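>>> Pasting the sequence and the predicted coordinates here, then a few questions.
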Amino acid sequence: MMRIAGFLDNSLVNGVGIRSVVFVSGCNHNCDGCHNKEMQDYNYGDEVEIDDVFERIKSNVPLISGVTFSGGEPFDSAKELAILADKVKSIGLNLWCYTGYTYEEILHSDDEAKIILLNKVDVLVDGKFDKNLTEDAPKYVGSSNQRIIDVEKSMYEKRVVEVIL
């Protein structure tokens, strides 16, 4: 089971291509100007079976090219999302994840579930949203301090490798 704050069957603004988006409940970052303020509450939304979320994602194939985890804070639901990520990857979809944590914070976390989830993500959009940095923000990020990171290349090169869109 996991708590879901929302779901989009298809979206063009939450990563490259047409994507299904899973919004999880709960976030402690409390970013000023948060786009999903109501989703910060860990009790917001509905408890659902991970398999039910996956079946909904599968129902959007072949229209979608990937799935995006957002929220709330996905890495606060890392254990559950890692299970869902395995299922998503098993049907050939790529995975984007938006987080208020930085790549480095996750990579050096004592929470093994966060590191496991990070290793399943293809593209990580990291960093807290900053409402004062929205004007020059690139596509797919909320504020210009956030990075779009190729996780596999970053792990291999042992440095942050940003995606060039």
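Good, I have the coordinates. Predicted model only: the values in this text are computed from it and were never measured.

>>> Show residues contacting the helix or strand where residue 78 lies.
Assigned by DSSP states H and E, residue 78 belongs to helix 78-90. With contact meaning C-beta atoms under 8 Å, 6 or more residues apart in numbering, helix 78-90 is reached by 1-2, 22, 24, 50-51, 53-54, 57, 67, 69, 74, 95, 97, 111, 113-114, 116-117, 120-121. Every residue, glycine included, has its C-beta placed from N, CA and C.

>>> Restricted to buried residues, select the residues you listed in PyMOL.
Applying 16 or more other C-beta atoms under 10 Å to these leaves a buried subset, and the PyMOL line that selects it is:
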select buried, resi 2+22+24+50+53+54+57+67+69+74+95+97+113+114+116+117+120+121
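
>>> so of the contacts of helix 78-90, which ones are in strands?
Counting by DSSP state E, the contacts of helix 78-90 place 2, 22, 24, 67, 69, 95, 97 in strands.

>>> Could you check how far the fourth one is from residue 145?
Note on residue 67: its distance to residue 145, by C-beta to C-beta, to the nearest Å, is 25 Å.

>>> Please name the bridge partners of the residue nearest the centre of the chain.
Taking C-alpha atoms, centre = their mean, the centroid of the chain lies closest to residue 97, which sits 2.1 Å from it. Under DSSP bridges, the beta-bridge partners of residue 97 are residue 69, residue 124.
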